[in-house]
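Student: For reference, the sequence and a predicted model appear below.
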Amino acid sequence: MGVLDVHATKTEDDFEMTPGAERKRGPGAAGGSLNGIAHAISIPRSVWNWRGTALVLVLVAVPQLIALRVNKGEQAEAAALLSGLVTFPVVLGAAVLVYFHGRIAGGRQTPWLAFGLTAVGVQGIALEGLRRTNQQAIGTHPGWMMIVDMAFAGILLLIVILADRVELPFDPVAAGVTLGVAVTGVRYVLAVEARPLSNVTSEVLVSWSLGLFAIYLLIAYAVFHLSGIPLWARFRLALAAILLSVNHLVLYMDGQVDLRSYLAVVADLIGAVMLCSMAMALLRLSIGASTQTVDELNDRVHEVEAAVRADRERLHEITGTVAGIASASRLIHHGADISASRKSHLQRMLSSEIGRLERLMGERPTEVGRVDIDGAIWPLVEAHRARGHEVEWVPNGLQAAGRPDDISEVINILLNNAAAHAPGAAAKVEVHRVEGSVEIAVSDSGPGVPSAVSDHLFEWGARGPTSTGQGIGLNVAQRLMSEQDGYLRVVTHPLSGSTFIVGLPADGEDHDAAHSAAQ
């Protein structure tokens with residue numbers, strides 16, 4: 001219907017405004033001019049518009065028109081009484097909407113309003129039922145009925161006053177139904193068992209109806225000053241309270257019966273439309289706010305998950321690098337049988353890996369440049385040899401376009417996988433020029449890629465049924481290669497292990513040529 005955009009940005013006017021906040025905003029913000037007042041009492045367009053009000057008007061007016069048509073041959077006063085059969089169900093429906101709004105949005109005042117509206121709707125529907133079944137008894141006890149109406153109005157006033165002061169200790173709908181049924185029971189007993197009040201004249205009924213109207217004015221005043229409900233909702237709720245009380249007033253006033261009756265019907269119609277529109281707008285507002293809150297929470301969860309994932313990736317990289325550094329350090333300081341040249345070689349490797357570790361701990365470089373493949377591979381080969389892993393590799397002086405630290409990290413991940421899945425067997429690193437790309441192949445003689453993970457080998461968390469890893473390394477390796485216009489693929493040999501092929505543009509050449517060679 002186009003009456004709600006739950007993802008629309010909400011302004012301060014959409015939500016609860018306390019009297020202190022309204023005073024802080026000043027008269028120019030809401031009440032300094034007619035335009036300011038109109039803006040303050042208008043339902044936010046993000047949750048409601050004239051089409052919604054028009055739809056509610058049609059839904060409420062059609063039954064009213066049918067009631068008038070059915071009673072065309074009778075007095076208009078009867079039609080005014082029949083209008084309650086439409087008005088009070090609408091009030092009860094509004095109470096349900098307000099109840100759900102309170103369940104979603106929370107707040108202290110909304111449950112009290114749902115309590116009061118439910119009681120009004122239930123007792124009104126029951127009263128119309130009594131009028132249909134015991135019309136003579138109700139009609140001969142106008143004094144008692146007016147007393148019950150005034151007492152009920154006093155209870156409603158108390159409900160509104162308490163709404164700003166205490167929490168409702170029980171379910172509002174159940175309490176409203178109980179109160180409405182109780183009021184109906186009192187009406188029935190008085191109509192059936194009590195004697196009519198002999199001294200209640202038409203003049204007395206008029207004065208009592210004015211008193212009842214005054215109580216509803218106090219209810220409207222109290223509603224308008226509730227602090228926990230948007231101003232536009234308070235305005236409509238207060239005006240609806242006044243309009244729905246007009247029925248009691250005009251039926252006892254002097255003047256033309258038809259005019260008074262039609263005035264009561266119109267007041268009921270407008271009051272019901274305003275009340276229903278207000279309740280629907282409140283519910284839509286709370287749904288929209290709740291949806292936005294859920295979206296924001298989802299975004300935050302995704303941000304946290306991304307941060308945790310990034311931290312785990314970095315920890316995975318650091319762990320593998322530190323392991324090689326620690327092994328080489330032990331050999332240098334405690335290896336009594338290593339030669340001076342071997343020790344010098346390990347010290348160079350330590351210096352290189354410590355530098356890479358420092359860069360891992362900081363901001364990762366993003367520039368792609370010319371990379372000496374031998375310079376990226378040899379520290380890793382030495383680190384793994386220091387850890388007791390046999391690695392076959394022959395330098396060949398090739399260069400490629402990429403990020404040195406990221407290439408080193410990818411090779412380190414592949415060598416770690418080879419050591420984990422083919423323990424005791426030699427790993428082999430081979431570098432070749434293939435048309436417009438440089439390919440680095442890391443092979444092992446292990447059992448190969450398990451069929452259970454072959455289809456999603458490079459996904460986060462993918463690992464074989466017997467793997468002790470976290471399923472992070474290959475996902476990181478593939479992402480790092482993709483970021484520098486490279487690629488990573490696997491060739492599985494069931495009887496002779498796996499070969500992972502890392503491809504990069506050769507010496508800064510276009511990635512398209514390298515990627516074509518990978519296919």
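Tutor: Sure thing, it's come through.
Student: center of the protein - which residue?
Tutor: residue 294 (1.6 Å; C-alpha atoms, centre = their mean).
Student: give the contact list for that one.
Tutor: By C-beta atoms under 8 Å, 6 or more residues apart in numbering, the contact list for residue 294 is empty. For the C-beta atoms, the positions are set from N, CA and C on the backbone; glycine is no exception.
Student: pLDDT of the host helix or strand of it, averaged?
Tutor: Here residue 294 sits within helix 257-334, counting by DSSP states H and E. Throughout helix 257-334, pLDDT has a mean value of 81.
Student: Please pull up the helix or strand immediately following it.
Tutor: Once helix 257-334 ends, the next helix or strand along the chain (criterion: DSSP H and E) is helix 340-361.
Student: and the gap between the spatially closest residue to residue 374 that is not a sequence neighbour and residue 375?
Tutor: Of all residues not flanking residue 374 in the chain, residue 395 sits nearest, at 4.2 Å (C-beta to C-beta, 6 or more residues apart in numbering). Taking C-beta to C-beta, to the nearest Å as the measure, residue 395 falls 9 Å from residue 375.
Student: what do you get for residue 46?
Tutor: Taking C-beta to C-beta as the measure, residue 46 and residue 375 are separated by 59 Å.
Student: Show me which of these two is the more surrounded one.
Tutor: The residue with more neighbours, out of residue 46 and residue 375, is residue 46; 19 against 14, by other C-beta atoms under 10 Å.
Student: burial count for residue 317?
Tutor: Considering only other C-beta under 10 Å, residue 317 is surrounded by 25 other residues.
Student: just residue 166 next, same as before
Tutor: So residue 166, with other C-beta under 10 Å, has 10 neighbours.
Student: Can you list the buried residues in stretch 363-380?
Tutor: 368, 371, 373, 374, 376, 377, 378, 379, 380 (16 or more other C-beta atoms under 10 Å).
Student: hang on, isn't the last one packed against residue 415?
Tutor: This means residue 380. Yes: counting by C-beta atoms under 8 Å, residue 380 touches residue 415, with 6.1 Å between them.
Student: ok now do residue 400, which residues does it touch?
Tutor: 370, 371, 373, 407, 437, 438, 504, 505, 506, 507.
Student: Just the buried ones from those residues?
Tutor: For those, buried by 16+ other C-beta under 10 Å: 371, 373, 407, 437, 438, 504, 505, 506.
Student: So which of these sit within strands?
Tutor: Those of the buried ones among the contacts of residue 400 mapping onto strands are 371, 437, 438, 504, 505, per DSSP state E.
Student: Can I get those in JSON lines including distance to residue 287 and pLDDT?
Tutor: Converted to JSON lines, those look like this (distance: C-beta to C-beta, whole Å; pLDDT from 0 to 100):
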{"residue": "371", "distance to residue 287": "55", "pLDDT": "87"}
{"residue": "437", "distance to residue 287": "54", "pLDDT": "87"}
{"residue": "438", "distance to residue 287": "57", "pLDDT": "91"}
{"residue": "504", "distance to residue 287": "52", "pLDDT": "90"}
{"residue": "505", "distance to residue 287": "52", "pLDDT": "89"}
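Student: And those residues, which two are furthest apart?
Tutor: With distances taken as C-beta to C-beta, the most widely separated pair in those is 371 and 437, at 12.9 Å.
Student: what do those two both touch?
Tutor: With C-beta under 8 Å, 6+ apart as the test, residue 371 and residue 437 both reach 400, 504.
Student: how close does the residue nearest to the centre of the chain get to residue 100?
Tutor: Applying C-beta to C-beta to residue 294 and residue 100 gives a distance of 16 Å.
Student: cool, residue 349 as well?
Tutor: Counting by C-beta to C-beta - residue 349 and residue 100 are separated by 68 Å.
Student: ok, the two, which is more surrounded?
Tutor: Applying other C-beta under 10 Å to residue 349 and residue 100 shows that residue 349 carries more neighbours, namely 22 against 18.
Student: wait, what's in contact with the more buried one?
Tutor: Counting by C-beta under 8 Å, 6+ apart, residue 349 touches 324, 328, 378, 379, 382, 383, 386.
Student: Please save the CA atoms from the host helix or strand of the fourth one in CSV.
Tutor: Pointing back at residue 379 there. Residue 379 belongs to helix 373-386 when assigned by DSSP H and E. Presented in CSV, the C-alpha positions along helix 373-386 are these (Å, rounded to 0.1, in the frame of the first residue of the first chain):
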residue,chain,number,x,y,z
ILE,A,373,61.2,-15.1,-6.4
ASP,A,374,64.4,-16.6,-5.0
GLY,A,375,64.6,-13.9,-2.3
ALA,A,376,61.0,-14.6,-1.3
ILE,A,377,61.5,-18.4,-1.1
TRP,A,378,64.9,-19.1,0.3
PRO,A,379,64.2,-17.8,3.9
LEU,A,380,61.2,-20.1,4.1
VAL,A,381,63.1,-23.1,2.8
GLU,A,382,65.8,-22.4,5.4
ALA,A,383,63.2,-22.0,8.2
HIS,A,384,61.6,-25.3,7.4
ARG,A,385,64.9,-27.1,7.1
ALA,A,386,65.8,-25.7,10.5
